[in-house]
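Colleague: Turn this into a model:
(one chain, ligands or ions: 1)
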Amino acid sequence: MQKLSSFRLPWPMNWTELFGREAPLIVEIGFGYGTFLLHLARENPDANVIGLEIANQCLEATEGKIKRSGLTNVHVIQSTAETALHHLFEPASIQQVHINFPDPWFKKRHSHRRLMQRDTLDAIVNRLQAGGLLYLATDIVEYAEMSAELLAETGGLTNRLETAWVNALPGRVVTKYEGRAQREGRICHYFAYERNATPVPDVPVIKELDMTHVVFHSPLSMDAMLERFEFQEHKLGDTVISFLQAYRGNRVLLFEVYIKEPTIDQHVAVILSYRDTPGEYTLKAGTLGYPRSTAGLHKAVGMLGDWLVGLDAGAAILHDKLKETS
Ligand SMILES: C[S@@+](CC[C@H](N)C(=O)[O-])C[C@H]1O[C@@H](n2cnc3c(N)ncnc32)[C@H](O)[C@@H]1O
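Modeller: Predicted structure coming up:
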């Protein structure tokens, strides 16, 4: 069965259409094997419950559990939290966000990859509706301390507890990871925050751009271009674009491209094909890898076009469809 994935869903997503009804949204980030997610769905029959996860095994196991449970108010989405928050959810649209035991490998040097960081927390707060709730649990004391500081600095949130965190929440359903942490004697830290009325930074939904292409003429053949190809990596602000490989097809050149943007990573094919007029080429994203037309994809196609045209003084761009990007 085709999984629901942030790469395939509309940006923003129409949750009412997916669930077949309008209802408050409850989101769990990184649901693992789904115990807590199913509990949320059972306890909140009047809510639409959405689980976000990146690990295939977890997605499949939890999809199976949902099917067997007969619950219709819960769906799992293959997505990083970052992509879902920025691309799928509208501002002030979520009633509850639950994060249970994120980043078990937490080390200071991994700080750029951890879930609890300013940009992601700002996105969570922006997507919570007034009175919406954010729950976090962790068994790593350094992670708890770091999160306590970050949450306390977040104007749009009010602590629902009397202390920064508590070490027990009676009646709470225990997740798989939590059970192991408890058996191994690690102390858990639980946070509960509420979205207050303080205005928060604007975090716009990142929508898809029109598809991009570049048309150029060049005296060079595809074989000559392929011969000149070598790996390239470009850092453009917060986007990293890598041209990994080039392959020759029957009447095409295929470039394997990796695009790392702050909210989404894409591994796609950019295809060079002939136009009807000899010496003219079109460069555009192929369907391999299901590319989404982001600013990064536009940058990648534009840079690859510039590189191909730069290979010969007699080559020039005829026209393009590129978002102005710096
Ligand atoms: C330590 S496990 C905890 C799983 C579950 N919440 C539990 O308590 O048993 C962390 C989970 O978060 C998922 N994960 C990690 N980074 C993520 C991200 N950026 N977005 C969504 N899920 C993520 C992992 O695949 C993993 O299943």
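Colleague: Please enumerate residues in contact with stretch 185-192?
Modeller: For stretch 185-192, the external contacting residues (C-beta atoms under 8 Å, 6 or more residues apart in numbering) are 133-139, 141, 143-144, 147-148, 151, 159-161, 164-169, 172, 178, 181-182. Every C-beta, even on glycine, is put in place using the N, C-alpha and C of the backbone.
Colleague: Mark which of the residues you listed are buried, thanks.
Modeller: Neighbour counting by 16 or more other C-beta atoms under 10 Å classes 133-139, 143-144, 147-148, 151, 165, 178, 181 among the contacts of stretch 185-192 as buried.
Colleague: phi, psi of residue 242?
Modeller: phi -120, psi 130 (degrees, to the nearest 10).
Colleague: need the contact list for it.
Modeller: Residues counted as contacts of residue 242 (C-beta under 8 Å, 6+ apart) are 231-234, 257-260.
Colleague: The chain against the ligand: which residues are in contact?
Modeller: Neighbours of the ligand within the chain, by C-beta under 6 Å from any ligand atom: 29-32, 52-55, 58, 80-82, 100-102, 104, 115, 175-178.
Colleague: what ranges of the stretch 201-326 of the chain fall below the confidence cut-off?
Modeller: 324-326 (pLDDT under 70).
Colleague: do you know how far the residue nearest the centre of the chain is from residue 303?
Modeller: Nearest to the geometric centre of the chain sits residue 83, at 1.9 Å (C-alpha atoms, centre = their mean). For residue 83, the distance to residue 303 equals 23 Å [C-beta to C-beta, to the nearest Å].
Colleague: again, but for residue 101
Modeller: Taking C-beta to C-beta, one finds residue 101 at 40 Å from residue 303.
Colleague: Using the three-state scheme, assign residue 104.
Modeller: Of the three states, residue 104 takes coil according to DSSP: H, G, I helix; E, B strand; the rest coil.
Colleague: If you count neighbours, what's buried in stretch 27-44?
Modeller: Using 16+ other C-beta under 10 Å as the test for burial, stretch 27-44 gives 27-41, 44.
Colleague: Looking at the residues you listed, which are in strands?
Modeller: 27-29 (DSSP state E).
Colleague: Among those residues, which one sits closest to residue 8?
Modeller: Set against residue 8, the nearest of those by C-beta to C-beta is residue 27 (18.3 Å).
Colleague: show me the contacts for the closest one.
Modeller: Going by C-beta under 8 Å, 6+ apart, residue 27 touches 49-52, 84, 89, 94, 96-98.
Colleague: can you list those in a markdown table and add secondary structure?
Modeller: Below are these laid out as a markdown table (three-state DSSP):
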| residue | secondary structure |
| --- | --- |
| 49 | strand |
| 50 | strand |
| 51 | strand |
| 52 | strand |
| 84 | helix |
| 89 | coil |
| 94 | strand |
| 96 | strand |
| 97 | strand |
| 98 | strand |
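Colleague: Show the buried residues in the residues you listed.
Modeller: Buried, going by 16+ other C-beta under 10 Å: 49-52, 84, 89, 94, 96-98, out of these.
Colleague: Out of the residues you listed, which is nearest to the ligand?
Modeller: Comparing the buried ones among the contacts of residue 27 against the ligand with C-beta to the nearest ligand atom places residue 52 closest, at 4.9 Å.
Colleague: residues in contact with the closest one?
Modeller: Going by C-beta under 8 Å, 6+ apart, residue 52 touches 27-31, 76-77, 79-81, 84.
Colleague: So residue 138 sits against residue 101, correct?
Modeller: Yes: using C-beta atoms under 8 Å, residue 138 is in contact with residue 101, at 6.0 Å.
Colleague: Show me the strands in the stretch 201-326 of the chain, by range?
Modeller: 213-217, 232-236, 239-248, 252-261, 264-274, 280-285, 316-321 (DSSP state E, counting those that start in this stretch).
Colleague: Output these in a markdown table, with distance to residue 6 appended to each entry.
Modeller: Listed next are those as a markdown table, based on distance: least, C-beta to C-beta, whole Å:
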| stretch | distance to residue 6 |
| --- | --- |
| strand 213-217 | 24 |
| strand 232-236 | 23 |
| strand 239-248 | 18 |
| strand 252-261 | 13 |
| strand 264-274 | 8 |
| strand 280-285 | 17 |
| strand 316-321 | 24 |
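Colleague: which stretch among those comes nearest residue 5?
Modeller: strand 264-274 (11.5 Å).
Colleague: wait, isn't residue 146 in contact with residue 116?
Modeller: Yes: at 6.8 Å, residue 146 and residue 116 qualify as touching, with contact defined as C-beta under 8 Å.
Colleague: Looking at the two, which is more packed in?
Modeller: Shown here are residue 146 and residue 116; by other C-beta atoms under 10 Å, residue 116 has more neighbours (21 against 18).
Colleague: How about the backbone phi and psi for that one?
Modeller: With angles defined as degrees, to the nearest 10, residue 116 sits at phi -80, psi 90.
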